[in-house]
Structure formats: C-alpha cells, structure tokens
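Chemist: Structure, please.
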Amino acid sequence: MQLPARRHPQFDPASLYAYPEHLRANLQDLPAAPGVYIFHAQGDSLPLYIGKSVNLRSRVLAHLRNPDEARMLRQATHISHIRTAGEIGALLLEAQLIKQQQPLYNQKLRRNRQLCALQLRDGRPEVAHARDMDFASTPGLYGLYSSRTAALQALHGLADAHALCLGALGLEKLPPGRACFRAMLQRCQGVCCGRETPAEHAQRLLAALESLQIATWPYPGPIALQERCDDLQQLHVVHHWCYLGSATSLPQARKLAKVAAGFDADGYKILCRPILTGQLPIVQL
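Modeler: As a prediction, the model looks like this:
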C-alpha cells in the first residue's frame with residue numbers, strides 16, 4: 001500500500017491550527033437559521049470569505065474547528081451575518097455579495113464570466129455569446145459555459161458520449177464521403193460515410209442536447225418569490241433570471257423590480273427549478 005505524501009510542517013495547515021479564541025464572541029449572535037455569514041479582515045475593506053447556510057451557527061462553528069482553514073481564521077478579526085427567510089434567499093444573497101465584494105478566499109463566484117452557450121444553426125452547433133443576445137429570451141440555447149473553449153470541450157464530450165461525428169458537428173474538417181477516424185473505431189455511427197443519415201444524426205444530437213436546454217424567462221415581467229422562516233418573510237425579486245434584491249413588502253419589491261436586469265448564470269442555476277416547479281409562491285410585479 002502506498003503511503004500518502006508527507007507535507008512539510010511549514011506548509012501543513014493542521015500544524016499551524018489553534019482554535020480562534022478571538023472569534024468566539026461573534027458566536028453569541030449567530031442564530032440557528034438561514035442566512036449569509038462573512039469573515040472580515042481588519043478594517044472591513046476586504047472580506048475574507050462569504051458563505052451561506054440554512055443553520056448559520058452550525059456552519060460557522062464548523063469553520064472555526066477546521067484546521068485546513070487555519071490561515072483564514074488567523075486573518076479574520078470578526079464575523080458578521082445577514083438573516084434570510086430560507087435557503088433560496090441565502091443562495092441568492094451569497095452569489096450577489098461575492099460578485100460585489102470579491103472575497104479573498106472565494107473562488108467559484110468571484111468573477112463575472114463571459115457566458116457562452118451552444119446554439120443550432122442550420123443543424124450544426126455553434127458557440128453563442130451572451131454579449132450578442134439575451135439568453136433569458138432566446139430559445140434554442142444549450143448549456144452555460146464560461147468561455148468558447150469550455151463550450152467546445154463540452155461539445156466534444158457530447159460527441160464521445162453519444163457517438164456523434166466530429167465532422168458533422170463542425171469540430172473537424174473531412175473530405176465529403178470519407179469516414180472519420182472515430183467511425184473506424186466505432187465511436188461515430190457513420191453519418192460521415194453514409195452508414196447513418198444526416199436526419200438520424202441530427203435527431204441524436206437534439207436528444208443529447210435536450211437536458212442542457214436553457215429555459216427562457218416564463219413571465220412577461222419581473223416576479224417576486226415569497227419565502228418565510230419563523231418571523232421573517234422575504235420577497236425575492238427576479239427578472240430574466242437575474243436576482244434584483246429582497247424586500248419585506250410588495251411596495252418595496254415593486255421598487256426593486258424597476259432595476260434593469262440582464263441574464264445571470266448563477267441566478268439561473270439557483271432559480272430555474274424553484275420557479276419552474278412552483279417550489280415557492282410567486283407574485284407577478
């Protein structure tokens with residue numbers, strides 16, 4: 001049995017860990033309720049980390065007991081939190097704050113990405129860019145990708161999984177009627193050499209893309225999702241899959257609804273299922 005590599009003590013977080021006593025006082029105000037928490041550095045100019053949980057107290061306690069986060073815990077001077085009325089509100093607020101404040105230890109949502117998707121044009125998938133069209137209202141878009149390269153890699157993956165032809169997909173140039181290399185390996189069903197008709201290949205491509213289809217915005221305007229937890233009720237205002245903020249009353253929500261909204265990938269991933277399945281009550285604004 002191969003033993004795990006031993007880390008030098010100087011670079012082993014566990015060897016530098018000590019329970020952050022200086023943060024213990026911040027635990028007193030943390031509720032066992034949904035919300036967002038923020039680890040702050042000196043001066044509040046740059047948050048260290050922003051997270052969310054359905055139980056703020058339990059989640060923050062887990063951070064304080066984690067030796068792998070020793071470096072962040074030493075840098076943190078205090079912890080603040082914002083209550084939300086449920087998990088959806090916590091997810092939306094976390095994504096919004098990370099984009100706005102760029103915390104040092106958050107990586108996944110720190111940068112607004114140049115969104116791409118796949119779109120069929122004359123039966124062939126091409127990369128479409130969010131800068132050129134409104135992803136919230138354009139039908140026939142598939143997948144959300146951070147770059148053209150990522151979109152093309154995903155298309156290669158679909159070809160591998162569904163025995164599609166790279167030539168027919170526009171990923172390789174082939175002489176007419178000549179089988180591609182993948183067809184000889186039985187990894188393409190042969191549309192390139194006549195073993196499969198173009199219509200059959202196109203149908204299999206559509207089936208492969210179906211689970212990746214982006215839902216267009218299903219309402220004529222902005223909406224508010226109602227979420228409640230104990231004594232707190234919030235109306236999460238959304239338009240074109242973009243989260244515009246939360247309010248505690250309809251007049252406040254209608255003011256938020258006047259903000260210009262564009263398609264947001266993180267908002268879409270959080271909101272698509274709750275909105276399309278009716279998970280929360282919805283008010284059209």
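Chemist: Do a quick rundown of the strands in the stretch 151-285 of the chain.
Modeler: 223-229, 232-239, 242-247, 282-284 (DSSP state E, counting those that start in this stretch).
Chemist: avg pLDDT for the third one?
Modeler: Model confidence over strand 242-247, given as mean pLDDT, is 95.
Chemist: Then stretch 220-238?
Modeler: For stretch 220-238, the per-residue pLDDT averages 94.
Chemist: gap between that stretch and the chain center?
Modeler: 20 Å (CA atoms, centre = their mean, to the nearest Å).
Chemist: Alpha carbons only: can I get that stretch in CSV?
Modeler: This file holds the C-alpha atoms of stretch 220-238, laid out as CSV (Å, rounded to 0.1, in the frame of the first residue of the first chain):
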residue,chain,number,x,y,z
PRO,A,220,-43.9,38.9,-19.1
GLY,A,221,-42.0,40.9,-16.4
PRO,A,222,-40.4,40.7,-13.0
ILE,A,223,-41.7,38.5,-10.2
ALA,A,224,-41.3,38.0,-6.5
LEU,A,225,-40.7,34.7,-4.8
GLN,A,226,-42.2,34.5,-1.4
GLU,A,227,-40.1,32.8,1.3
ARG,A,228,-40.7,32.5,5.0
CYS,A,229,-38.8,31.3,8.1
ASP,A,230,-40.3,31.8,11.5
ASP,A,231,-40.9,35.5,11.9
LEU,A,232,-39.1,36.6,8.7
GLN,A,233,-40.8,36.8,5.3
GLN,A,234,-38.9,38.0,2.2
LEU,A,235,-39.9,38.7,-1.4
HIS,A,236,-37.0,37.8,-3.7
VAL,A,237,-37.3,40.0,-6.8
VAL,A,238,-36.2,38.3,-10.1
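Chemist: Point out the most buried one among the strands of the stretch 151-285 of the chain.
Modeler: strand 232-239 (a mean of 24; mean count of other CB atoms under 10 Å). Quick note: C-beta positions are derived from backbone N, CA and C, even for glycine.
Chemist: Run through the helices of the stretch 51-200 of the chain in chain order.
Modeler: 56-64, 70-75, 87-101, 148-162, 181-184, 198-209 (DSSP state H, counting those that start in this stretch).
Chemist: Pretty sure Ser147 sits against Cys116.
Modeler: Yes - look at Ser147 against Cys116 with CB atoms under 8 Å: they come within range, at 6.3 Å.
Chemist: out of the two, which sits in the busier spot?
Modeler: Each of Ser147 and Cys116 has its neighbours counted (other CB atoms under 10 Å); Cys116 has more, 24 against 14.
Chemist: ok now do Pro125, which residues does it touch?
Modeler: Shown in contact with Pro125 (CB atoms under 8 Å, 6 or more residues apart in numbering): Leu118, Gln119, Tyr142, Leu155, Leu169, Gly170, Leu205, Leu209.
Chemist: Neighbour-wise, give me the winner out of those.
Modeler: Leu155 (25 neighbours).
Chemist: quick one: that one from Leu115, how far?
Modeler: From Leu155 across to Leu115, the span is 16 Å (CB to CB, to the nearest Å).
Chemist: Same question for Lys255.
Modeler: 28 Å.
Chemist: right, so of the helices of the stretch 51-200 of the chain, which gets closest to Arg228?
Modeler: Of all the helices of the stretch 51-200 of the chain, helix 87-101 sits nearest to Arg228, with 10.1 Å by CB to CB.
Chemist: Pull out the buried positions in the closest one.
Modeler: Judged by neighbour count (16 or more other CB atoms under 10 Å), helix 87-101 contains these buried residues: Glu87, Ile88, Gly89, Ala90, Leu91, Leu92, Leu93, Glu94, Ala95, Gln96, Leu97, Ile98.
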